[in-house]
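Participant: got a sequence here, can you model it:
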Amino acid sequence: MGEKRSLEQPDKRERILTGLYLAIFLIVASSIALAQPLYDTPPVYANAPDEHARYLVPKYICEHGKLPTAYDEEVRIPGYGSSYALYNVLPYIIMGWVMRFVKLMTDNELYLLYSARFVNVLFGAAMAFTVRKLAVRIFDEKAKKICLDWLFCFLVMFMPQSLFLHTYVNTDSLSMLSTALILYALVSIYQEGFYAWNSGVLCAGVISCALSYYNAYSYIVSAVLLCLAYFVNPVSGKQHEAGRRSLRISYDWKNMLRHAVPVTAVILLGTAWWFIRSYILYDGDILGFRTADKMMELYAVDKVNPLIARTYQQMGYTPWQMIREKDYLTIAYASFVGAYGSLSIFANIWIYRFYKLFFMEDCWDILLRFLFIESSMRGNGCFFMPI
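Facilitator: The predicted structure follows:
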């Protein structure tokens, strides 16, 4: 526990810088959250993607004080026939109850929308704080002297798309916070062990991830594998004639079970209710995919029905033709770095060039780590890619 205090106990300078960093994030994210329209605004289409459809769920919770089912007409997406109520709704639950509180003071629809958006702004601030704590742990003193830890924080949190996801109604924001919590917990566990605090942060991260966005479930799988790997112990074997020792692997089953059982129990307690509810409501469809298809078959308008839209494969394109002729990689990269509105507002070209160079350098650094483990670069690298 002493090591944890030495790593993270902030001095006055650290507290001031962290406060300024969080204040900058809150100011920028709040400005974007207040500026975006809710509905389509041609010709620019500055509204956030699908926000009007997502907002139906917290709005229902605000008005009725209970969770909707996907069959409720109030949460059905006009034209598309499906509903975001099918999928993980923990962020919407929090937004809905915050809106209910705001509604005690005003019925203004704009203020209710802003209150829902600001839940995600606060999730973003919590992620920014977690990323800062993670930076303190993964960068050594040499790297901190040239402010690589702060560069890490700003590049992760202020990448345009990362910032954007914390400014409108969605489940992505809590999902991103959950991945930062999982990474922080894993780093802490490998540095210190399964202390109660580290285990608690891991539980919070996994529960938030499981109840926010299924696209991030790979982080849960990675967390499970890395936690299991923590208890693998290499043991020196007999010395051979050439002077080398054989290496045997042992596994600490006792400690693994001692830590894994309570952590697993807490996670199941926090998440099982949602999947049991979905199993009961949607005939065993715990992720909602089959039910979404059925609802689109029944209620979707042909013009926008995803089930009858022609894919590139159906149009005769090969994967290479899709990438080359349809600018797939260019659009995917641009939307990863930053594309606001309904994929309609892009940043200055130099933003994309900067991040391209940065990601190339990061990949090169990772390659060097695999090829030259004892390189002098070790310990001062970026670790940006996992975040």
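
Participant: what's the separation between Ile24 and Thr18?
Facilitator: 11 Å (CB to CB, to the nearest Å). Quick note: C-beta positions are derived from backbone N, CA and C, even for glycine.

Participant: looking at the two now, which is surrounded by more residues?
Facilitator: Using other CB atoms under 10 Å, the more surrounded residue of Ile24 and Thr18 is Thr18, with 18 against 14.

Participant: surely that one meets Phe129?
Facilitator: Yes - between Thr18 and Phe129 there is a contact under CB atoms under 8 Å: 7.4 Å.

Participant: so where's the stretch 151-300 of the chain shaky on pLDDT?
Facilitator: 235-247 (pLDDT under 70).

Participant: which residue ranges of it form strands?
Facilitator: 232-239, 245-251 (DSSP state E, counting those that start in this stretch).

Participant: just to check, Val232 is in contact with Trp253?
Facilitator: No - using CB under 8 Å, Val232 makes no contact with Trp253, being 10.9 Å away.

Participant: tell me how many other residues crowd Leu268.
Facilitator: Leu268: 13 surrounding residues under other CB under 10 Å.

Participant: whoops, I mixed them up, Tyr251
Facilitator: Tyr251 is flanked by 12 other residues according to other CB under 10 Å.

Participant: equivalent analysis for Gly200, please.
Facilitator: Neighbouring residues of Gly200 were enumerated by other CB under 10 Å; the total is 13.

Participant: closest to the centroid, which residue in the chain?
Facilitator: By CA atoms, centre = their mean, the chain has its centre lying nearest to Met176, at 2.0 Å.

Participant: wait, what's in contact with that residue?
Facilitator: Taking CB atoms under 8 Å, 6 or more residues apart in numbering, we find Met176 in contact with Phe123, Gly124, Met127, Ser162, Leu165, His166, Ala216.

Participant: list the contacts of the last one.
Facilitator: Right, Ala216. Ala216 neighbours (CB under 8 Å, 6+ apart): Ser175, Met176, Ser178, Thr179, Cys209.

Participant: how about the fourth one?
Facilitator: The contact partners of Ser162, by CB under 8 Å, 6+ apart, come to Val156, Met176.

Participant: ok, and for the strand or helix carrying Leu110, which residues are buried?
Facilitator: Following DSSP states H and E, the helix or strand that holds Leu110 is helix 109-138. Residues of helix 109-138 classed as buried: 112-138 (neighbour count, 16 or more other CB atoms under 10 Å).

Participant: and if you look at stretch 48-63?
Facilitator: By neighbour count on 16+ other CB under 10 Å, the buried set for stretch 48-63 is 48-49, 51-62.

Participant: next up, phi/psi of the closest residue to Tyr328 other than its chain neighbours, please.
Facilitator: Closest residue to Tyr328 apart from its sequence neighbours, by CB to CB, 6 or more residues apart in numbering: Met322 at 5.4 Å. Dihedral pair for Met322: phi -60, psi -40, per degrees, to the nearest 10.

Participant: residues in contact with stretch 180-189?
Facilitator: With CB under 8 Å, 6+ apart as the test, stretch 180-189 has contacts from 4, 127, 130-131, 133-134, 137-138, 195, 197-199, 201-202, 204-206, 208-209, 219-220, 222-223, 226-227, 230, 386-387.

Participant: same deal with stretch 334-351?
Facilitator: 32, 36, 40, 44-49, 159-161, 164, 331, 352, 355.

Participant: let's go with 6 Å and repeat that
Facilitator: Tyr45, Ala46, Pro49, Pro160, Gln161, Phe164, Tyr352, Tyr355 (CB atoms under 6 Å, 6 or more residues apart in numbering).
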